[in-house]
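J.: Give me coordinates for this.
(one chain, ligands or ions: 1)
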Amino acid sequence: MQICPHCGTENLEGMLYCQKCGVALGPVPLSTRQLTEDDVHGGTDQLGADNVVILQVENDETPILVQVRSEVVFGRVTEQSDTTTYINLTPYGADDLGVSRRHARLLRDGKAVYLMDLNSTNGTQLNGESLPTSVEKRLRDGDEILLGRMRVFIYFKT
Ligand SMILES: [Zn+2]
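T.: Sure thing, here's the model as predicted:
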């Protein structure tokens with residue numbers, strides 16, 4: 001058994017991503033193209049074959065890898081439902097950085113991923129532009145989002 005570091009669910013040996021929340025259960029090899037400093041916005045808008053996004057919180061060395069089944073909600077919620085994965089950003093300083101309990105969500109539609117602000121207190125920005133609440137914006141590999149004052153870079157795992 002492998003215990004998911006994010007939600008605590010027990011997974012069968014050999015699983016790469018938690019069957020419950022989709023977060024990677026251990027280190028996953030990444031290509032060197034990803035997570036480099038000089039990556040620019042405007043990469044592909046097509047998610048890779050295994051539907052995995054890489055979330056890199058600014059000033060944190062360990063990326064969060066999530067296999068997006070349908071939607072992923074960023075915030076400070078620890079419980080997981082069957083349809084929604086909550087990425088709990090509390091360990092990354094979410095309280096101090098003004099991240100709401102349910103701040104914003106990623107929604108997957110085929111190979112496309114959309115970002116939507118969930119009427120958060122301090123707002124969401126995509127590549128420096130404020131996102132009106134409840135408006136879906138399609139994401140690209142290398143996009144930068146701001147949840148309150150928490151900066152997160154999003155990469156599509158190829
Ligand atoms: Zn999990």
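
J.: What residues are bridge-paired with the residue nearest to residue 1 when sequence neighbours are not counted?
T.: Leaving out its chain neighbours, the residue that sits closest to residue 1 by C-beta to C-beta, 6 or more residues apart in numbering is residue 10, at 4.7 Å. For every residue, glycine as well, the C-beta is placed using N, CA and C. Per DSSP bridges, the residues bridged to residue 10 are residue 3.

J.: Could you check the pLDDT of the residue of the chain most remote from its centre?
T.: Computed with C-alpha atoms, centre = their mean, the maximum C-alpha offset from the centroid of the chain is found at residue 1, amounting to 24.9 Å. Each residue has a pLDDT score; the one for residue 1 is 90.

J.: Quick check: the gap between it and the ion.
T.: 13 Å (C-beta to the ion, to the nearest Å).

J.: Then residue 132?
T.: 31 Å.

J.: Run through the residues that contact that residue.
T.: Under the criterion of C-beta atoms under 8 Å, 6 or more residues apart in numbering, the contact list for residue 132 reads residue 117.

J.: what secondary structure does it sit in?
T.: coil (DSSP: H, G, I helix; E, B strand; the rest coil).

J.: State the pLDDT value of it.
T.: 95.

J.: I'd like the distance between it and residue 117.
T.: 7 Å (C-beta to C-beta, to the nearest Å).

J.: now swap in residue 50 and tell me
T.: Distance from residue 50 to residue 117, by C-beta to C-beta: 27 Å.

J.: More neighbours: which of those two?
T.: A direct count of neighbours by other C-beta atoms under 10 Å for residue 50 and residue 117 places residue 117 higher, at 24 against 13.

J.: For that one, which residues count as its bridge partners?
T.: Going by DSSP bridges, residue 117 forms beta bridges with residue 104.
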